[in-house]
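Asks: pasting the sequence and the predicted model now:
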Amino acid sequence: MKAAKVTRRMFLRSCAATGATAVLAACGQPAAQAPTTAPQATTPPEATTPPEATAATEPTVAATEAPAAGDQERVLNMNMAAFYGDPGVGVDPGCSGGANTVFTNNFMFSRLVYLDENSQPQPDCAESWSTNDDATVWTFKLRKDLKWSDGQAITAKDFEWTVKRNTSPDINCGGGIPYMMSILKNGAAIYDKSEPDLDKLGVKALDDYTLEFTMENSAAYFIQMVQYPTYAPLRRDIVENSDKGNWAKPETVISNGQFKLVEWTVDQQMVLVPNEYWHGTKPGVDKLVIKMIKQEAPALAAYETGELDIVDAPAGELQRIKDDATLGKELLSFPELLTQYVIFPPGLKPFDDIRVRHAFAMAIDRETLCHTILGDTVQPAYQFLPPTMLGYDPELGKELAYNLDEAKKLLAEAGYPDGKDFPKFYWNSNATDFYNTMFEALQSMIKENLGIDSELAMQDASARGAWRNEKPTKLHLWRERWGMDFPDSHNSLQFIVDAHGLDSPNSKIDGKIDADLQKLAYDNPKFTELVAQGGREPEPEKRAELYKEAQQELIVTNPYIIPLYYGQSNVLVKPHVKGLYINGLGLNYRNVSVEK
């Protein structure tokens, strides 16, 4: 087949944390164990050290402190993660989940722990933690110097209230992030409203500086989870007194992170300055400016002219960047815990036929897609879990690797020889230069290899949900990527259960189950049970086998997705930007500074 030419950059991290995102962060009773032991589940990618590297229209009502006379203001200019643009309601950590929202949360809200360059949890708001023998009860001791950005003290009660509020299905964004909270005792029941009493949730402030979490089942990986934004504390009076939940805006927001929001011009930029009451080391920058440039080419141009200090490097420009004497030295490349894939609509004909799903998987040449069409900017994926995760098997999914003869045979057996009478379908994705190139290639492969016509539905990211919900439901393959929120396999597999099950938020419109959307969901009780067993199992070897079997269901036995590639971040960083470090979840800005 004729390969499409790559023009621009790869898409970075999803639903939860990007290649250029800041690291995610985290916030028992019987016999305590050593507090800082990370889950046995995974070995994250080896950390690398980045090279030492480097306006809105509406004024904000929030006051900012100017640099001393004669000092040059240290400003760090960057672009919003994943070219997603404005984070909207996701600035509220209870509503976070996208790459752009987590990126913003990480600057504004500190959690109980943060992850270091080896993806290991380190004390942040908590000074220590412990768990009982079966990891069903976790106890955190808070620092006693925690303060909000207005100087008021933070206590364990603030964490307790926030976790309860973020588990409620009635918060302002319509439901929060259920897969992050269902691990808690009664968390799932509270979210689905079968348990109406929030006080029965497994979280409790034992005193002002002691916070206890009780799990539904054993969860040795919980310490990795509580670095996610949904576990950051929020100021109750500010949240409850806001107009329709619109509290996270410059003139009203109170936060506890390294920076505070002082300006926000929708779809243009956000400006943050250091929080003078933050408990950590004072930031080495005086101002953060987050631009919202949604396309790769103008973002790169802004970097080359000095408007941006950090930018994602476009795939189509990668060779030029590497060959450039200056840009080549400023390029940072590193693997991500991210999988890109397309989702079948298994309840809609003809994709309800497993032979059709297998034929599509085998008609896509992932090696050519990744190494040639996408210019070696990503690595081919044949399963959902990234290579370093528990349950990954290098041979799993290879039975559905490119095999044109078998693909044609299966399609004919399903009643569509050479694509005859196959209904028109769409590929749906948000539109970037990189995705346009990728989906033009996928469209071409299916046409040339199977004789099937399809159309591209490339849209702004914010428009995709409405398109999906339109009636009548359009036959389509849906692009999705999963960037891990915490480095444990359960995070990825439980996401499929919680986000794509029959009663998941993706199966609902305005909070009510929609029969048409349920046809797009993954109805596989065996997969769900295997994931649940893996979450409860304390032994790493047994967990690995359960997750491997779950992946076999997801990819081969009853396929819901076609994995396409594992992500790799390519980021340009100016030489005057110092202190960044990389872990499995991307760039970490905790120690960032600007030297000019």
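Replies: Done, it's in.
Asks: residues making contact with stretch 296-306?
Replies: With contacts defined as C-beta atoms under 8 Å, 6 or more residues apart in numbering, stretch 296-306 is touched by 8-9, 79, 83, 291, 293, 308-314, 316-317, 327, 432-434, 572, 574. (Each C-beta comes from the backbone N, C-alpha and C, glycine too.)
Asks: buried stuff in that stretch?
Replies: Using 16 or more other C-beta atoms under 10 Å as the test for burial, stretch 296-306 gives 296, 299-300, 302-304.
Asks: now the helices for the stretch 101-250 of the chain?
Replies: According to DSSP state H, counting those that start in this stretch, the stretch 101-250 of the chain carries its helices in the segments 156-167, 178-181, 187-191, 222-225, 236-240.
Asks: nearest to Gly567, of these?
Replies: Gly567 sits nearest to helix 222-225 of all the helices of the stretch 101-250 of the chain, at 19.2 Å, using C-beta to C-beta.
Asks: tell me the helices and strands packed up against the closest one.
Replies: strand 25-26, strand 126-131 (3 or more C-beta pairs under 8 Å, 6 or more residues apart in numbering; DSSP states H and E).
Asks: now those as a markdown table including mean pLDDT, distance to Leu332 and mean neighbour count?
Replies: Formatted as a markdown table, the helices and strands packed on helix 222-225 follow (pLDDT from 0 to 100; distance: least, C-beta to C-beta, whole Å; neighbours: other C-beta atoms under 10 Å):
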| stretch | mean pLDDT | distance to Leu332 | mean neighbour count |
| --- | --- | --- | --- |
| strand 25-26 | 29 | 22 | 26 |
| strand 126-131 | 97 | 30 | 22 |
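Asks: looking at the ones you listed, which is nearest to Leu580?
Replies: Closest among the helices and strands packed on helix 222-225, using C-beta to C-beta: strand 25-26, at 16.0 Å.
Asks: before we move on, back to that, which of the helices of the stretch 101-250 of the chain sits closest to Phe334?
Replies: helix 222-225 (19.5 Å).
Asks: other residues contacting that closest one?
Replies: Against helix 222-225 from outside (C-beta under 8 Å, 6+ apart): 26, 37-39, 113, 115, 121, 129, 131, 135, 138, 180, 183, 213, 215, 219, 231, 485-488, 491.
Asks: how about the helices in the stretch 451-596 of the chain?
Replies: Using DSSP H, counting those that start in this stretch, helices in the stretch 451-596 of the chain cover 464-469, 489-500, 515-518, 525-536, 540-552.
Asks: what's downstream of the lowest-mean-pLDDT helix or strand in the chain, the next helix or strand?
Replies: Least confident helix or strand of the chain, by mean pLDDT, DSSP states H and E, is strand 25-26 with a mean of 29. Sequence order places strand 75-79 as the next helix or strand after strand 25-26, per DSSP states H and E.
Asks: pull the CA atoms of that next one into CSV?
Replies: C-alpha atoms of strand 75-79 as CSV (Å, rounded to 0.1, in the frame of the first residue of the first chain):
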residue,chain,number,x,y,z
VAL,A,75,8.8,33.6,33.5
LEU,A,76,8.2,30.0,32.3
ASN,A,77,6.1,29.9,29.1
MET,A,78,4.7,26.6,28.1
ASN,A,79,1.8,25.2,26.0
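Asks: helices or strands up against that strand?
Replies: If you count contacts as 3+ C-beta pairs under 8 Å, 6+ apart, strand 75-79 packs onto strand 287-291, strand 310-312.
Asks: is Ser429 in a helix, a strand, or coil?
Replies: Under DSSP: H, G, I helix; E, B strand; the rest coil, Ser429 falls in the strand class.
Asks: the nearest residue to it once chain neighbours are set aside - how many residues pack around it?
Replies: Closest residue in space to Ser429, ignoring its immediate chain neighbours: Arg479 at 3.8 Å, by C-beta to C-beta, 6 or more residues apart in numbering. Neighbour count of Arg479, defined by other C-beta atoms under 10 Å: 23.
Asks: export stretch 580-595 as CSV, just CAs?
Replies: C-alpha atoms of stretch 580-595 as CSV (Å, rounded to 0.1, in the frame of the first residue of the first chain):
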residue,chain,number,x,y,z
LEU,A,580,13.0,19.1,35.4
TYR,A,581,13.0,15.4,35.8
ILE,A,582,11.3,12.5,34.1
ASN,A,583,9.5,9.5,35.4
GLY,A,584,7.0,7.0,33.9
LEU,A,585,4.3,9.7,33.9
GLY,A,586,6.2,12.4,32.1
LEU,A,587,8.0,15.6,32.9
ASN,A,588,7.9,16.7,36.6
TYR,A,589,8.0,20.5,37.3
ARG,A,590,8.3,20.3,41.1
ASN,A,591,11.9,21.6,41.1
VAL,A,592,11.6,23.7,38.0
SER,A,593,13.5,27.0,37.8
VAL,A,594,14.3,29.6,35.1
GLU,A,595,17.8,31.1,34.9
